[in-house]
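Asks: Give me the fold of what follows.
(one chain, ligands or ions: 1)
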Amino acid sequence: MVQTQTRPLGLGLIGCGGFGEYCMETYARLPGIRPAAAHDRTRPVAERLAGRFGIPVEDEALSLIHRPDVDIVHIATPPSTHVELAFKAIAAGKHVLCEKPLAINLADADALLAAARSREVILPVNFVLRYSPVTEAVDRIIRSGILGRPLHAVFENFAQDEILGPRHWFWNAKISGGIFIEHAVHFFDLYAGWFGPGHVAAAHAVTREDSMAEDRVMCITHYNNGAVVYQYHGFDQAERMDRQNHHLLFELGDLYVYGWVPQSLAVTGLVDEEGLARFQTLLPGADVQVLETFRPQDQNFHSRWKERHATQRVRLTWGPGISKDALYRQCISQLMADQIAYLADRSHVRRVAESNGREALALAVQATGREKA
Ligand SMILES: NC(=O)c1ccc[n+]([C@@H]2O[C@H](COP(=O)([O-])OP(=O)(O)OC[C@H]3O[C@@H](n4cnc5c(N)ncnc54)[C@H](O)[C@@H]3O)[C@@H](O)[C@H]2O)c1
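Replies: I've put the predicted structure just below:
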């Protein structure tokens with residue numbers, strides 16, 4: 001029997017570390033959610049968080065899960081622990097919001113999805129990037145076809161490792177699954193949203209000198225829409241140097257995305273007056289610069305064996321104009337609000353649903369070369 005949720009959801013947090021706490025701060029301000037209880041295998045960590053939110057600590061994950069005031073369990077522990085905890089919550093008939101990745105292998109992910117289906121509970125992965133207004137804007141541009149087909153993209157993530165000391169679980173692939181599974185999974189999901197299904201055509205990983213720690217991974221994914229995406233993730237920078245390059249190439253222009261949580265964008269392209277007007281509808285309030293105006297005799301040209309027409313080369317810049325922290329929290333809130341809306345009305349279509357966790361993991365697993373997806 002599908003239950004419709006009407007009262008605020010009681011939220012139980014398992015894993016009260018960095019991200020669990022960040023999310024709890026955000027959810028505590030969200031209508032429709034009520035912090036209910038916390039558990040961490042290190043009790044003082046749970047106590048500190050519980051004290052902040054005035055909620056009880058449970059010594060065991062199972063006792064948190066079985067509390068009658070817990071409706072949804074947020075699993076914010078390291079990746080290798082997600083499956084066992086999610087199974088326990090699902091078996092108790094509780095909804096689960098799982099941190100990425102859903103699991104570190106596909107067999108476990110499939111078993112979890114089957115269990116969630118049979119208990120009629122939700123099990124989304126916290127793929128917050130899908131909820132950025134910039135992610136949506138990129139999606140609108142792709143679907144509009146104004147720039148023609150997407151051909152290629154590069155996402156290079158020069159990430160910091162200042163908070164990742166040599167003993168951090170992140171470096172232990174048995175716990176994290178490795179960088180493709182622990183981190184790149186966000187971007188496999190992002191591109192699944194933009195480009196649809198694909199497969200990993202090539203991948204490579206590099207370990208740090210004198211260490212077993214895999215600190216740089218790279219792969220090429222070929223999407224069924226014809227586009228090819230190169231991803232690089234290296235965790236080797238100082239925090240103050242944490243940066244990304246994110247470029248999507250189209251037949252008639254370029255799109256640059258700024259921020260690993262997409263925070264703003266710039267688009268340059270060849271358009272006619274109608275194309276520019278459509279751009280301004282897709283990116284309301286964008287800053288527009290005309291870089292070049294073509295003489296009538298230069299307005300028709302060819303590329304990719306097609307006839308093209310453009311009157312000008314333009315550049316538009318656009319973003320919601322909020323800080324990275326405000327944007328990240330907005331994405332976290334909106335993913336949860338989307339799930340709450342679904343629980344209240346099962347005809348509501350969520351931007352992130354159960355299958356997305358599995359699909360992104362499948363590509364991440366392909367990239368590791370450890371199993372066939
Ligand atoms: N969606 C996102 O944008 C995003 C961002 C950061 C981290 N994450 C994910 O969140 C998860 C946690 O990451 P973090 O950076 O907060 O890690 P963390 O190490 O800061 O916190 C993990 C916490 O889990 C606790 N823990 C470990 N095993 C446990 C178990 N079996 N039962 C109960 N508690 C246990 C630890 O004591 C620790 O307090 C990871 O899966 C990570 O990939 C997601």
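Asks: CA atoms for contacts and neighbours, from now on please.
Replies: Fine.
Asks: Let me know the pLDDT of the residue in the stretch 151-300 of the chain that the ligand sits nearest to.
Replies: In the stretch 151-300 of the chain, the residue that lies nearest the ligand is residue 182 (5.4 Å; CA to the nearest ligand atom). Listed pLDDT for residue 182 reads 98.
Asks: That one: neighbouring residues, count only.
Replies: For residue 182, the neighbour count with other CA atoms under 10 Å is 24.
Asks: Pretty sure it sits against residue 102.
Replies: No. Residue 182 is beyond contact range of residue 102, at 9.6 Å (criterion: CA atoms under 8 Å).
Asks: got any residues that touch both of the two?
Replies: Listed contacts common to residue 182 and residue 102 are residue 79; contacts here mean CA atoms under 8 Å, 6 or more residues apart in numbering.
Asks: What residue in the chain is the furthest from its centre?
Replies: Going by CA atoms, centre = their mean, the residue of the chain most distant from its centre is residue 297, 45.3 Å out.
Asks: Any part of the helix or strand containing residue 355 near the ligand?
Replies: Here residue 355, judged by DSSP states H and E, is contained in helix 354-368. No. Interface with the ligand: helix 354-368 contributes nothing (CA under 6 Å from any ligand atom), its closest point being 11.4 Å away.
Asks: and what of stretch 233-241?
Replies: No. Figure legend: stretch 233-241 not in contact with the ligand (CA under 6 Å from any ligand atom); closest approach 13.9 Å.
Asks: Up against the ligand, what does the chain have?
Replies: 14-20, 40-42, 76-79, 81, 99-100, 126-128, 182.
Asks: how about a cut-off of 8 Å?
Replies: By CA under 8 Å from any ligand atom, the part of the chain that sits against the ligand consists of 14-21, 39-42, 45-46, 61, 75-79, 81-82, 85, 98-101, 125-129, 168-169, 176, 182-183, 186, 332.
Asks: so where's the chain uncertain?
Replies: Low-confidence segments of the chain (pLDDT under 70): 1-6, 371-373.
Asks: domain ranges for it?
Replies: Per the record, the chain has its domains at 1-123, 137-326, by automatic domain parsing.
Asks: Need the winner for burial among these.
Replies: Ranked by average neighbour count under the criterion mean count of other CA atoms under 10 Å, the domains of the chain are headed by domain 1-123 at a mean of 20.
Asks: Start and end of stretch 166-174, how far apart?
Replies: Criterion CA to CA, to the nearest Å; first-to-last residue distance in stretch 166-174 is 15 Å.
Asks: just stretch 337-357 next, same as before
Replies: Start and end residues of stretch 337-357 are separated by 18 Å (CA to CA).
Asks: Tell me the gap between it and the middle of its chain.
Replies: Centroid displacement of stretch 337-357 relative to its chain, using CA atoms, centre = their mean, to the nearest Å, is 15 Å.
Asks: One more: stretch 81-90?
Replies: In this view, stretch 81-90 has its centroid 21 Å away from the chain centroid, taken as CA atoms, centre = their mean.
Asks: same deal with stretch 52-60?
Replies: The chain centroid and the centroid of stretch 52-60 are separated by 28 Å under CA atoms, centre = their mean.
Asks: Determine how far the last residue of that stretch lies from the first.
Replies: End-to-end span of stretch 52-60 (CA to CA): 20 Å.
Asks: One more: stretch 289-302?
Replies: Span of stretch 289-302 from end to end, CA to CA: 24 Å.
Asks: same check, this time on stretch 277-293
Replies: 16 Å.
Asks: which residues are in contact with it?
Replies: With CA under 8 Å, 6+ apart, stretch 277-293 has contacts from 137, 140-141, 146, 311-319.
Asks: Keep only those of those that are in strands.
Replies: In strands, defined here by DSSP state E, the members of the contacts of stretch 277-293 are 312, 313, 314, 315, 316, 317, 318.
Asks: which residue sits closest to the fifth one in space, ignoring its chain neighbours?
Replies: Read it as residue 316. Spatial nearest neighbour of residue 316, chain neighbours left out: residue 288 (4.6 Å); criterion: CA to CA, 6 or more residues apart in numbering.
Asks: what sits against the residue of the stretch 151-300 of the chain closest to the ligand?
Replies: Contact analysis of residue 182 by CA under 8 Å, 6+ apart lists 79, 100, 101, 170, 176.
Asks: let's see 7 Å
Replies: By CA atoms under 7 Å, 6 or more residues apart in numbering, the contact set of residue 182 is 100, 101, 176.
Asks: And the helices in the stretch 201-350 of the chain?
Replies: Ranges of helices within the stretch 201-350 of the chain are 273-282, 324-344, based on DSSP state H, counting those that start in this stretch.
Asks: For the last one, buried residues please.
Replies: Taking 16 or more other CA atoms under 10 Å as the neighbour-count basis, helix 324-344 is seen to contain the buried residues 327-343.
Asks: Can you add distance to residue 353 and secondary structure and give the contacts of residue 182 back as JSON lines?
Replies: Below are the contacts of residue 182 laid out as JSON lines (distance: CA to CA, whole Å; DSSP: H, G, I helix; E, B strand; the rest coil):
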{"residue": "100", "distance to residue 353": "13", "secondary structure": "coil"}
{"residue": "101", "distance to residue 353": "14", "secondary structure": "coil"}
{"residue": "176", "distance to residue 353": "22", "secondary structure": "helix"}
